[in-house]
Each structure stands twice: as C-alpha cells, then as structure tokens.
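S.K.: 3D, please:
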Amino acid sequence: MKKLIIVLTILLLVGCKTKKVVTEPEPEVAKIQKLGLAEISETQKSKSYELGKRVLMTCNTSKFKPFTSSEATPSVIKNTTVERLSKTCNRFRQYYGTFIDLQLVEAYRNNFENTTVFRYKALYSKKVANKELRVTMNAENKVSSIKSLDWVNYFPIN
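M.R.: Residues are numbered from 1 along each chain as shown. Alright, predicted model coming up:
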C-alpha cells in the first residue's frame, strides 16, 4: 500500500509539472537600416549637403559662416569653431588638395536615436585618398554631428 501511495504521489507531481508556454518572439526592429536615396526628403538631403559643403568649403575660402540654432544642435555649434576648422583644413589641403564637391553615396536611418546619417564622398583635387564626410541629422532636421573619415565601401556599424 505504501508503494502504491508513493508511486501515485510521484505521478501526481510529474503530472502537475508546469509547462513552458511558447510565445512567438516579437519581431526585432533593425537598429540601423539603409535607406534608398529616393526615400529621403529632398529638403533633408539638400540641407545636409549644404551644411556639409559649408564646412569643407572653409578649407578653400578660409571663411566660415557659423551654424545657427535652426541648423545645428548646440554641441555642434560649440565644437565647430573657426580655429578647429582651420587646423583641420591645413592638414586636408596639404594631403588632399583643394576641396571640389560632395557626392551623396548612401544614407542610413538609426531607429533608436531617431537620426539619419548621410555618407558623402568628399572630392578633392589630389586623388591620394578618398575621404568621407558623415552628416547626421536628428528628428528636428538639425545637424547633430559632422565627422570626416577615410572612405570605406561599407558602413561600419559601431
């Protein structure tokens, strides 16, 4: 009788074991996604182009019109000074020559930070190296960062 009670108790415990409920995972939203150039508004493309070109044209003209609060975030306005630009421009002119133009290659949307990153290929008179100008626009259509890098054919997600 004791054996029967023990066996029934074990069967009862095994039968009452909680089962895992399998739920479908929520679809993951891509953090960064590549945008087609046609998907981007013309105003945002032209604004990022003009502001990026204004920074690099400083190297040719030695004159810089500071960003306004409607064009850039306070941190960009604070960090984009004539002194910093002229220091960078001296180095760029020495290695790459005169700045010619920017060519929009691709754009990426960062869904978590709600920003759009424009990758421009900076064209210079010397064909020593390819340079990239990365202009990041926030949701308010203001420049939140400007960065110059060596060109790579892929977008490094960091």
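S.K.: so after the helix or strand of the chain with the lowest mean pLDDT, what's the next helix or strand?
M.R.: The helix or strand with the lowest mean pLDDT-type score in the chain, counting by mean pLDDT, DSSP states H and E, is helix 2-15 (a mean of 68). Sequence-wise, the next helix or strand downstream of helix 2-15 (DSSP states H and E) is strand 32-35.
S.K.: so what secondary structure elements neighbour that next one?
M.R.: Under the contact criterion of 3 or more C-beta pairs under 8 Å, 6 or more residues apart in numbering; DSSP states H and E, strand 32-35 touches strand 99-110. Just so you know, the C-beta spots here come from the backbone N, C-alpha and C atoms, and that holds for glycine as well.
S.K.: can you show me the CA trace of the strand it packs on as CSV?
M.R.: These are the backbone C-alpha positions of strand 99-110, laid out as CSV (Å, rounded to 0.1, in the frame of the first residue of the first chain):
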residue,chain,number,x,y,z
PHE,A,99,38.1,70.7,-51.9
ILE,A,100,35.8,70.3,-55.0
ASP,A,101,32.4,68.9,-54.0
LEU,A,102,30.4,66.3,-52.1
GLN,A,103,28.8,63.3,-53.6
LEU,A,104,25.9,61.6,-51.7
VAL,A,105,26.5,57.9,-51.7
GLU,A,106,24.1,56.4,-49.2
ALA,A,107,22.0,57.2,-46.1
TYR,A,108,21.1,55.2,-43.0
ARG,A,109,18.3,55.5,-40.5
ASN,A,110,19.1,54.9,-36.8
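S.K.: cheers, nothing more for now.
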